[in-house]
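Asker: Fold the following for me, if possible:
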Amino acid sequence: MRFRRRVMVTGVAAACVVAGVVVAVVPTLDGSDRTPAAATEAGASTEGGDVNSTDAPPAASPRPGSRAGSSPGTAPRPVTVPTRPAATIAKGSPASVSYLRERYALGPQEAARRLALQELSAPLAERLAKEFPGEYGGMWLDQAAGGVLTLAATDVVPVTAAVSGVPDAAHVRVVPVRHSLRELTDAAARLATALDAAAGTDVVVDQQTNEVLVLTGDRIATDDARLAGALATAGVPARAQARIADTAVQKACDPRYCAKAPMRGGIRLDVPRDDGTVGGCTSGFNITVAGRSPYVLTAGHCVVGGRHQLVDRTWHQFLGPKVPVTVEAPNAGLAENAYPYDYAIMPYQPGASARWSSSGGGTTGLVNYWCVPDNPRCGSTGSRDVPITGHVPWSAVQTGWVVCATGAAYTPKAGEQYVDSGAGSGYLPGTRCGEIVGKSSGGIDVRICARPGDSGGPLFTETDGKALGILSHGDPGQGACTNPNERNSYAPVSTILDRANARTNNLMRIRLATRGVEAPVPR
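Answerer: Numbering: from 1, shown residues only. Just a heads-up that it's a prediction; the model follows:
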């Protein structure tokens with residue numbers, strides 16, 4: 001493998017504490033100082049004292065695509081990224097801590113350290129992409145290798161120097177790759193244009209393999225005559241891959257009951273079909289349209305397909321008390337059934353909005369965090385509402401993140417008045433946590449148990465309440481969660497919002513309903 005010439009940098013990479021926030025100051029290629037990110041090191045106090053500084057190698061001239069211009073010796077210009085102590089993150093993320101401890105046989109401090117590093121990774125990735133466009137090649141969190149944040153770079157020297165002052169730098173490594181993330185992203189855009197497809201959904205960047213993937217099976221046919229030529233002239237490693245693996249099985253749309261108002265992610269939605277049967281899904285996230293009207297997001301396959309030619313209405317507990325919830329929107333741009341465009345953005349039925357929007361629902365972003373026996377650490381905090389503070393763009397979601405998902409699937413016991421969702425005896429609805437294991441499908445692949453009836457349910461980060469996706473399909477399975485490697489796939493929230501806004505010409509201003517960062521609301 002060939003690498004471009006190395007570039008050395010001057011100055012000293014240091015980290016200090018400013019107003020209780022760890023600030024990492026690192027040298028730029030132009031001689032000034034850069035602060036890529038700040039985070040609290042696991043187990044370290046942020047009250048007083050300096051973090052040990054690390055000397056960077058001597059300098060040479062900057063490579064093309066890097067910043068240059070200022071003279072050496074410029075005073076440091078620290079930029080802080082607000083972060084929280086590892087202990088605070090762990091306290092608010094008991095199920096994520098439990099997952100790491102059980103999956104990788106860790107102690108509580110090590111699990112907390114890994115979650116702190118995860119929180120640091122997103123702002124660090126954003127800064128590196130901006131400051132080192134010619135060198136930065138991507139990032140992922142490798143849990144199996146010891147909770148190491150792996151950075152890819154075409155030139156490891158300047159990127160290594162840039163992150164040497166970051167808290168927990170001992171668990172940050174830089175590996176050489178041939179192409180920068182900017183090169184791959186530009187190549188993906190060219191490929192998408194050549195194939196009349198969408199960059200970021202039909203043509204994606206795989207940061208771990210340092211290549212571009214063309215996902216076939218939706219807008220790009222497997223036998224597209226243009227495909228071979230486009231791949232051959234991509235200028236970077238590129239290959240075609242089927243959008244959905246042959247083993248993927250869509251979650252069935254059969255019902256499951258859930259909790260009371262306010263509306264939030266994780267509520268049971270029962271959907272009568274054209275043939276008189278009843279299917280069902282799980283609410284994903286609250287949505288606002290035109291800045292004020294409340295809508296509900298769930299999976300598109302719940303209301304779009306051969307058994308859904310009429311206008312679908314959803315209900316809560318269809319067999320009683322049959323509470324009205326949403327109705328299929330007349331605008332065709334608000335629902336699709338083609339992964340990763342598997343979404344339905346639905347307004348409330350007449351009169352239902354007042355009921356479901358009460359007590360903080362409707363245009364407020366909440367997820368129902370419901371404890372189940374196979375989420376053992378959940379008991380320390382109890383079932384609660386998790387405020388949704390925003391969403392993470394699909395391009396920023398990283399393999400190795402620990403995330404949580406909520407579903408409403410259920411098979412009733414004898415005598416219970418609920419429609420069987422097909423979950424199987426022994427499966428209980430609620431919240432489970434696991435790990436992101438891939439993104440090559442154009443969606444988010446996770447190692448979290450799910451069952452028929454969980455479709456549309458939310459995927460989110462427990463640490464900071466960020467929305468990631470809604471359940472679309474996954475490995476087959478029924479009954480209790482016994483397979484630790486079960487894989488399920490989520491349609492990204494950012495992909496859905498971009499797609500729906502584009503299909504409605506951005507006239508409806510479709511947004512995720514959010515709530516400010518605050519303590520979870522106990523029930």
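
Asker: what residue is smack in the middle of this structure?
Answerer: The C-alpha lying nearest the average C-alpha coordinate of the chain belongs to Leu468 (C-alpha atoms, centre = their mean; 3.4 Å).

Asker: In a helix, Thr495, correct?
Answerer: Yes. Assessed with DSSP: H, G, I helix; E, B strand; the rest coil, Thr495 lies in a helix.

Asker: In contact with it: list those residues for me.
Answerer: 200-201, 340-341, 394, 442-443 (C-beta atoms under 8 Å, 6 or more residues apart in numbering). In this view, the C-beta of every residue, glycine as well, is placed from N, C-alpha and C.

Asker: Check the secondary structure at Val97 for me.
Answerer: helix.

Asker: show me what contacts it?
Answerer: Per C-beta under 8 Å, 6+ apart, neighbours of Val97: 90, 108, 111-112, 115, 377.

Asker: which among those gets closest to Leu334?
Answerer: Nearest to Leu334 out of these is Leu115 (C-beta to C-beta; 35.5 Å).

Asker: what about that closest one, how many residues close to it?
Answerer: Neighbour count of Leu115, defined by other C-beta atoms under 10 Å: 26.

Asker: How much space separates it from Thr288?
Answerer: 30 Å (C-beta to C-beta, to the nearest Å).

Asker: Repeat that for Ala192.
Answerer: Where Thr288 is concerned, Ala192 sits at a distance of 29 Å (C-beta to C-beta).

Asker: Could you do Phe132 as well?
Answerer: On the measure of C-beta to C-beta, Phe132 and Thr288 end up 37 Å apart.

Asker: Same question for stretch 182-191: list its buried residues.
Answerer: 182-188, 190-191 (16 or more other C-beta atoms under 10 Å).

Asker: do the same with stretch 472-479
Answerer: Using 16+ other C-beta under 10 Å as the test for burial, stretch 472-479 gives 472-475, 477.

Asker: Same list, those residues, but as CSV with secondary structure please.
Answerer: Shown next, in CSV, are the buried residues of stretch 472-479 (three-state DSSP):
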residue, secondary structure
Ser472, strand
His473, strand
Gly474, strand
Asp475, coil
Gly477, coil
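
Asker: Dump those to TSV, plus pLDDT and distance to Asp420.
Answerer: Putting the buried residues of stretch 472-479 into TSV (pLDDT from 0 to 100; distance: C-beta to C-beta, whole Å) gives the following:
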residue	pLDDT	distance to Asp420
Ser472	97	21
His473	94	20
Gly474	93	19
Asp475	92	20
Gly477	90	16
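
Asker: Could I get the full set of helices for the stretch 101-250 of the chain?
Answerer: 108-131, 156-163, 181-194, 227-232 (DSSP state H, counting those that start in this stretch).

Asker: Which secondary structure elements does the longest one sit against?
Answerer: The criterion is 3 or more C-beta pairs under 8 Å, 6 or more residues apart in numbering; DSSP states H and E, and the helices and strands that helix 108-131 contacts are helix 86-91, helix 94-104, strand 136-142, strand 148-153, helix 156-163, strand 402-407.

Asker: could you give the mean pLDDT of stretch 336-344?
Answerer: In this model, stretch 336-344 has an average pLDDT of 95.

Asker: Endpoints of stretch 305-313, how far apart?
Answerer: Its start and end residues considered, stretch 305-313 measures 14 Å (C-alpha to C-alpha, to the nearest Å).

Asker: Same check on stretch 341-353?
Answerer: 26 Å.

Asker: In JSON lines: the buried residues of stretch 472-479, plus distance to Asp196.
Answerer: Listed next are the buried residues of stretch 472-479 as JSON lines, based on distance: C-beta to C-beta, whole Å:
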{"residue": "Ser472", "distance to Asp196": "24"}
{"residue": "His473", "distance to Asp196": "25"}
{"residue": "Gly474", "distance to Asp196": "30"}
{"residue": "Asp475", "distance to Asp196": "32"}
{"residue": "Gly477", "distance to Asp196": "37"}
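
Asker: Could you point out which of the residues you listed is nearest to Arg268?
Answerer: Of the buried residues of stretch 472-479, the one sitting nearest to Arg268 (C-beta to C-beta) turns out to be Ser472, at 17.9 Å.

Asker: which regions of the stretch 151-300 of the chain lie under the pLDDT threshold?
Answerer: Counting by pLDDT under 70, the stretch 151-300 of the chain contains low-confidence ranges at 244-261.

Asker: how about 50 then?
Answerer: 245-255, 259 (pLDDT under 50).

Asker: What does the closest residue to Phe318 other than its chain neighbours show for phi and psi?
Answerer: Leaving aside its chain neighbours, Phe318 sits nearest to Asp270 (3.7 Å; criterion: C-beta to C-beta, 6 or more residues apart in numbering). When read as degrees, to the nearest 10, the backbone of Asp270 gives phi -100, psi 140.

Asker: For His171, see how far away Asp270 is.
Answerer: 46 Å.

Asker: Counting neighbours around each, name which of those two comes out higher.
Answerer: For Asp270 versus His171, neighbours defined as other C-beta under 10 Å are more numerous around Asp270 (29 against 20).

Asker: so that one touches Pro321, yeah?
Answerer: No. If you go by C-beta atoms under 8 Å, Asp270 and Pro321 don't touch, sitting 11.6 Å apart.

Asker: May I have the phi/psi pair for Asp385?
Answerer: According to degrees, to the nearest 10, Asp385 has phi -100, psi 130.

Asker: I'd like to know how many residues surround it.
Answerer: So Asp385, with other C-beta under 10 Å, has 24 neighbours.

Asker: thinking again about what came up before, mind checking which of Phe132 and Thr288 has more residues around it?
Answerer: Per other C-beta under 10 Å, whichever of Phe132 and Thr288 has more neighbours is Phe132, with 29 against 20.

Asker: Does the residue nearest to the centre of the chain touch Ile448 like I think?
Answerer: No. Applying C-beta under 8 Å, one finds Leu468 not in contact with Ile448, separated by 11.4 Å.

Asker: Next, show the common contact partners of those two.
Answerer: In contact with both Leu468 and Ile448: 403, 459, using C-beta under 8 Å, 6+ apart.

Asker: coming back round to it: quick check, nearest of the contacts of Thr495 to Tyr104?
Answerer: Distances from Tyr104 to the contacts of Thr495, taken by C-beta to C-beta, are shortest for Gly443, at 24.7 Å.

Asker: Report pLDDT for the closest one.
Answerer: For Gly443, the predicted pLDDT is 96.

Asker: ok, it - contacts?
Answerer: So Gly443 contacts 339-340, 394, 469, 472, 489-492, 495 (C-beta under 8 Å, 6+ apart).

Asker: one more time with 7 Å, if that's ok
Answerer: By C-beta atoms under 7 Å, 6 or more residues apart in numbering, the contact set of Gly443 is 339-340, 469, 472, 489-492.

Asker: These in helices, which ones?
Answerer: Among these, no residue falls in helices (DSSP state H).

Asker: Let me have those in JSON lines, adding distance to Arg292 as columns.
Answerer: What follows is these, written out as JSON lines (distance: C-beta to C-beta, whole Å):
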{"residue": "Tyr339", "distance to Arg292": "30"}
{"residue": "Pro340", "distance to Arg292": "28"}
{"residue": "Gly469", "distance to Arg292": "25"}
{"residue": "Ser472", "distance to Arg292": "29"}
{"residue": "Ser489", "distance to Arg292": "32"}
{"residue": "Tyr490", "distance to Arg292": "28"}
{"residue": "Ala491", "distance to Arg292": "25"}
{"residue": "Pro492", "distance to Arg292": "25"}
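
Asker: Going through those, which ones are buried?
Answerer: 339-340, 469, 472, 489-492.

Asker: how many neighbours does Tyr418 have?
Answerer: If we define neighbours as other C-beta under 10 Å, then Tyr418 has 19 of them.

Asker: how close does it sit to Thr461?
Answerer: Distance from Tyr418 to Thr461, by C-beta to C-beta: 30 Å.

Asker: same thing with Gly265?
Answerer: 13 Å.
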